[in-house]
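Asks: Got a sequence here, can you model it:
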Amino acid sequence: MERIASFSVDHLLLEPGVYVSRIDRDPATAAVVTTFDLRLTTPNKEPVMNTAECHTIEHLGATFLRNHAEWSSRIVYFGPMGCRTGFYLVVFGEVTSEEILPLVRELFEFVADFEDDVPGAAPEECGNYLDQNLPMANWLARRYLNRDLADIDEKHLHYQQA
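Replies: Okay, here's the model as predicted:
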């Protein structure tokens, strides 16, 4: 089998940032989707996110994005990476890291400042509704904003090659 694109990224060079992971076109319709790698922790160097805070960011992120005035109709998916070092954001259209950055900042401001009941955290709405950690989700979002997104540079908007 061929190695998939996400395993071709050198995770020894990867740092927190906002990266275009891939751009795909539907051969039947020519519809385009862009997948973003929203990397919150340095792979293999920093601790990964625990499932509870990851789950909380997923609930808050999906709710925020699907209700966003400008972007809601273009959101395909928002969810955690299996490795728990970040999230994937999939949007309709060919979009650059620079173009999505304002939305990513808004998203993580929303998560950082959120203090209410987590949307969808009820047994009839979620299969693992008790696995939530809002204070840690707030902290991770604030760290991502301040440490990684505030003065983001080219190196953290485009994958680096060895």
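Asks: Could you tell me whether residue 119 really is in a helix?
Replies: No. According to DSSP: H, G, I helix; E, B strand; the rest coil, residue 119 belongs to no helix; its state is coil.
Asks: For the closest residue to it other than its chain neighbours, give me the pLDDT.
Replies: Among residues not flanking residue 119 along the chain, residue 63 sits closest, at 4.4 Å (CB to CB, 6 or more residues apart in numbering). Heads up, the C-betas are built off the backbone N, CA and C, glycines and all. At residue 63, the predicted lDDT confidence score is 98.
Asks: Repeat that for residue 40.
Replies: 99.
Asks: what do you get for residue 10?
Replies: Note on residue 10: pLDDT of 82.
Asks: Could you look up the SS state of it?
Replies: Taken by three-state DSSP, the conformation at residue 10 corresponds to coil.
Asks: Might you list the low-confidence residue ranges for the chain?
Replies: In the predicted model of the chain, residues 5-6, 162 satisfy pLDDT under 70.
Asks: For stretch 82-92, list every residue counted as buried.
Replies: 84-91 (16 or more other CB atoms under 10 Å).
Asks: Tell me where this protein has strands.
Replies: Using DSSP state E, the strands of the chain run over 17-25, 32-39, 75-80, 86-92.
Asks: Out of those strands, flag the one nearest residue 148.
Replies: Residue 148 sits nearest to strand 17-25 of all those, at 6.3 Å, using CB to CB.
Asks: ok now that closest one, how far from the chain's centre?
Replies: In terms of CA atoms, centre = their mean, to the nearest Å, the centre of strand 17-25 is found 11 Å from the chain centre.
Asks: So which elements touch it?
Replies: Counting contacts by 3 or more CB pairs under 8 Å, 6 or more residues apart in numbering; DSSP states H and E, strand 17-25 is packed against helix 5-8, strand 32-39, helix 97-113.
Asks: again, only using 10 Å
Replies: Here strand 17-25 touches helix 5-8, strand 32-39, strand 86-92, helix 97-113, going by 3 or more CB pairs under 10 Å, 6 or more residues apart in numbering; DSSP states H and E.
Asks: Including distance to residue 150, could those go into CSV?
Replies: CSV is the format used below for these (distance: least, CB to CB, whole Å):
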stretch, distance to residue 150
helix 5-8, 26
strand 32-39, 15
strand 86-92, 17
helix 97-113, 9
